[in-house]
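Asks: I need the structure of the sequence given here:
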Amino acid sequence: MPQSGKKALTSLTGHLLIAMPQMPDPRFEKTVIYICAHSAEGAMGLVVNRLFDGITFTSLLHQLDIDITSPARELRVHFGGPVESGRGFVLHSGDYNREGSMPVDDGVVLTATVDILRAVAEGQGPERAILALGYAGWGPGQLDQEMQQNGWLHAPADSSILFDPELDGKWEKALAKLGINLSMLSADIGHA
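Replies: Numbers count the residues shown, from 1 in each chain. Just a heads-up that it's a prediction; the model follows:
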């Protein structure tokens, strides 16, 4: 039973986290993050609208000793977040579900095994996929506090936004999904 005066945690798993225009952390400026897990222990998500500079899918396959010289399909490598940037994740449609895959929400699955990269390269992976290096992570209560301080907005995930290959404008589309006009937002934290 929650203690009086404390608000019960509402899980944002399967939601889009949208940075407010005044986001002070440049790593998250104008980002859209898909929340893969959110509980009393903390939260984890992947930035879905920013690329990881300087690395391609083919070069990543080579680094992982996956011997495919001409992949059947190329994935762009996204900056998933600042935590463990050497660790890879594939957020994808539910048509690929193997051992090591974790369903997140209706039709969205997270897989962090090398096997999915091989499957994509061989043309047998999921129909829609986002490959990300690193992730965004929050400790217990940290995300909730940042939201209370007007750092983030959230909306139910929309696969047309989530898997949209056009990254420019994804932040604006996510805000528009909430009916938010950028010109109506205050730049001052805590003020409307």
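
Asks: list the helices and strands the helix or strand where residue 16 lies packs on?
Replies: In the assignment (DSSP states H and E), residue 16 maps to strand 15-19. Contacting strand 15-19 under the criterion 3 or more C-beta pairs under 8 Å, 6 or more residues apart in numbering; DSSP states H and E are the following elements: strand 32-39, strand 152-156, helix 170-177. Yep, even glycine has a C-beta here, placed from its N, CA and C like the rest.

Asks: pretty sure residue 154 sits against residue 19.
Replies: No. With contact defined as C-beta atoms under 8 Å, residue 154 does not reach residue 19; the gap is 10.8 Å.

Asks: more crowded one of the two?
Replies: residue 19 (22 against 18; other C-beta atoms under 10 Å).

Asks: show me what the more buried one is bridged to.
Replies: residue 152 (DSSP bridges).

Asks: now do the same for it: its pLDDT.
Replies: Here, the pLDDT recorded for residue 19 equals 95.

Asks: so who does it touch?
Replies: By C-beta atoms under 8 Å, 6 or more residues apart in numbering, the contact set of residue 19 is 28-33, 151-152, 171.

Asks: now do the same for residue 99: its pLDDT.
Replies: 88.

Asks: in contact with it, which residues?
Replies: Counting by C-beta under 8 Å, 6+ apart, residue 99 has contacts residue 113.

Asks: mind checking what secondary structure it has?
Replies: Classification of residue 99 using DSSP: H, G, I helix; E, B strand; the rest coil returns coil.

Asks: need phi/psi at it.
Replies: Backbone torsions for residue 99, taken as degrees, to the nearest 10, come to phi -60, psi 130.

Asks: same check, this time on residue 27
Replies: phi -70, psi -20.

Asks: that one: neighbour count?
Replies: As a burial measure, residue 27 scores 13 neighbours (other C-beta under 10 Å).

Asks: related to what we said a few turns ago, quick check on the contacts of residue 19: which are buried?
Replies: 28, 30-33, 151-152, 171 (16 or more other C-beta atoms under 10 Å).

Asks: now the residues you listed as a markdown table including pLDDT and distance to residue 74?
Replies: Listed next are the buried ones among the contacts of residue 19 as a markdown table, based on pLDDT from 0 to 100; distance: C-beta to C-beta, whole Å:
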| residue | pLDDT | distance to residue 74 |
| --- | --- | --- |
| 28 | 95 | 27 |
| 30 | 95 | 25 |
| 31 | 96 | 23 |
| 32 | 97 | 22 |
| 33 | 98 | 23 |
| 151 | 89 | 34 |
| 152 | 95 | 31 |
| 171 | 94 | 24 |
